[in-house]
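Participant: Show me the folded form of this:
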Amino acid sequence: MPEAPVTREEIENAPIKAKVRAGEEVVKRALEEYNPSDTVIGFTGGKDSTLTAWLVKRVCEEHDIEKPRFMFVDHGQHFDELEGYVERLAENWGFEVVTARNDDLIEKADEPEDMVPVQELNDTNQEEAARIDEDMEEVPWLMDTEAGNHLLKTVPMNQLLREEGIEAVINGVRWDEHESRGDEDFYSPRDTPDHMRVHPILQLTERDVWDVSWFHMVPDITGVEFEEYPETESDMPGDLSKEDVPISPKYWAGFRSLGSEVSTDKSDEIPAWLQDVENTKERAGRAQNKDDEEIMNRLRELGYM
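Facilitator: As a prediction, the model looks like this:
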């Protein structure tokens, strides 16, 4: 296992540029330890995974390292704009995309929130449903439920890791995001299947993410400096449009956390970076109560990010 470049105490109150450098070092050490072809970036198209992908991009291009692939978990209910954003960013940044999807469950449902009898699912899905509740008779085609989250995200992800022989997964999780992630390490081994989780942005707060995104990542990608957050597309300097910047379009619309299209609401009418992120809940618009520590811990024990 690679050694972490800093301790939590050293980094939490560090200047933002030091936090970014620490994140790049976490990535660099991981890609020196694990073959990039056996490594993936857990890419959702959200702000955290975008920032994580940018750190990986910088490290790979600076040190002439092969880029790992994006791993996109398709639960079948993504916002249309999000899927286009993932494809555009991958192409622009030079990443290949590998998709994990539980077709067995998705193809047995006609509409979002449909309930699928467990006995109609394949053996693997029946076994995984029993891990949630051995008496479960139906599973919803809905990502923001405990059973749906496990079967639509974790199960296909783990299947992909096994099939592709993946040894390391680089994920954009943060200490401040949820209590259950408060004791995560930069390098965190997992089993079933065996692999290493790599967490280069643990040290960033939600506000840090927006500061780094607009004042470091966007200028690096576009060559245009920002002096303040844009309130609307017309506030951006130069001739930049929303499509020119690596910011998922749903954040412009007021969403702060991107889950299922059918069960996620915007947090406000203003862009996410202008909201009171310091004093309000990041996942308030999500239907699933992942603020329930018991639920989140169970999901993580089952392999959730």
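Participant: And whatever helix or strand residue 62 lives in, what does it pack against?
Facilitator: Taking DSSP states H and E as the criterion, the element that holds residue 62 is helix 47-63. On a contact count with 3 or more Cβ pairs under 8 Å, 6 or more residues apart in numbering; DSSP states H and E, helix 47-63 meets helix 16-33, strand 39-42, helix 80-93, helix 206-212, helix 218-222. Heads up, the C-betas are built off the backbone N, CA and C, glycines and all.
Participant: for the third one, which positions count as buried?
Facilitator: Neighbour-count burial for helix 80-93 flags 81-82, 85-86, 89-90, 93 (criterion: 16 or more other Cβ atoms under 10 Å).
Participant: so which of those would you say is closest to residue 171?
Facilitator: Closest to residue 171 out of the buried residues of helix 80-93 is residue 86 (15.6 Å), distances taken as Cβ to Cβ.
Participant: isn't the closest one right up against residue 41?
Facilitator: No: with contact defined as Cβ atoms under 8 Å, residue 86 does not reach residue 41; the gap is 11.4 Å.
Participant: any residues in contact with both of the two?
Facilitator: Residues touching both residue 86 and residue 41 (Cβ atoms under 8 Å, 6 or more residues apart in numbering) are residue 70.
Participant: Name the SS class of the residue nearest to residue 40 when sequence neighbours are not counted, please.
Facilitator: Leaving out its chain neighbours, the residue that sits closest to residue 40 by Cβ to Cβ, 6 or more residues apart in numbering is residue 71, at 3.9 Å. Classification of residue 71 using DSSP: H, G, I helix; E, B strand; the rest coil returns strand.
Participant: now residue 71: how far from residue 253?
Facilitator: 26 Å (Cβ to Cβ, to the nearest Å).
Participant: ok, the two, which is more surrounded?
Facilitator: Counted by other Cβ atoms under 10 Å, residue 71 and residue 253 do not tie: residue 71 has more neighbours, with 24 against 15.
Participant: which residues does that one bridge with?
Facilitator: residue 42, residue 98 (DSSP bridges).
Participant: Verify the contact between it and residue 43 for me.
Facilitator: Yes: taking contacts as Cβ under 8 Å, residue 71 lies within contact range of residue 43: 6.3 Å.
Participant: low pLDDT regions in this structure?
Facilitator: 179-181, 285-300, 305 (pLDDT under 70).
Participant: If we use 50, what do you get?
Facilitator: For the chain, the stretches with pLDDT under 50 are 289-291.
Participant: any idea where the strands of it begin and end?
Facilitator: 39-42, 69-73, 97-100, 115-117, 138-140, 168-170, 187-190, 195-198 (DSSP state E).
Participant: Export those to JSON lines and append columns for distance to residue 60.
Facilitator: Formatted as JSON lines, those follow (distance: least, Cβ to Cβ, whole Å):
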{"stretch": "strand 39-42", "distance to residue 60": "11"}
{"stretch": "strand 69-73", "distance to residue 60": "12"}
{"stretch": "strand 97-100", "distance to residue 60": "16"}
{"stretch": "strand 115-117", "distance to residue 60": "40"}
{"stretch": "strand 138-140", "distance to residue 60": "39"}
{"stretch": "strand 168-170", "distance to residue 60": "11"}
{"stretch": "strand 187-190", "distance to residue 60": "18"}
{"stretch": "strand 195-198", "distance to residue 60": "14"}
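Participant: Tell me which of those strands approaches residue 229 most closely.
Facilitator: Taking Cβ to Cβ, strand 39-42 is the member of the strands of the chain nearest to residue 229, at 26.0 Å.
Participant: show me the contacts for the residue nearest to residue 40.
Facilitator: 40-43, 97-100, 157, 160, 166, 169.
Participant: Only the buried subset of those residues, as a PyMOL command please.
Facilitator: Selection of buried members from the contacts of residue 71 for PyMOL, criterion 16+ other Cβ under 10 Å:
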select buried, resi 40+41+42+43+97+100+157+160+166+169
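Participant: now, among the contacts of residue 71, which is nearest to residue 273?
Facilitator: residue 43 (20.4 Å).
Participant: what about the residue nearest to the closest one when sequence neighbours are not counted, how many neighbours?
Facilitator: With sequence-adjacent residues excluded and distances taken as Cβ to Cβ, 6+ apart, residue 43 is closest to residue 70, at 3.9 Å. Look at residue 70: counted by other Cβ under 10 Å, it has 25 neighbours.
Participant: Verify the contact between residue 70 and residue 95 for me.
Facilitator: Yes: the criterion here is Cβ under 8 Å, and residue 70 meets it with residue 95 at 5.0 Å.
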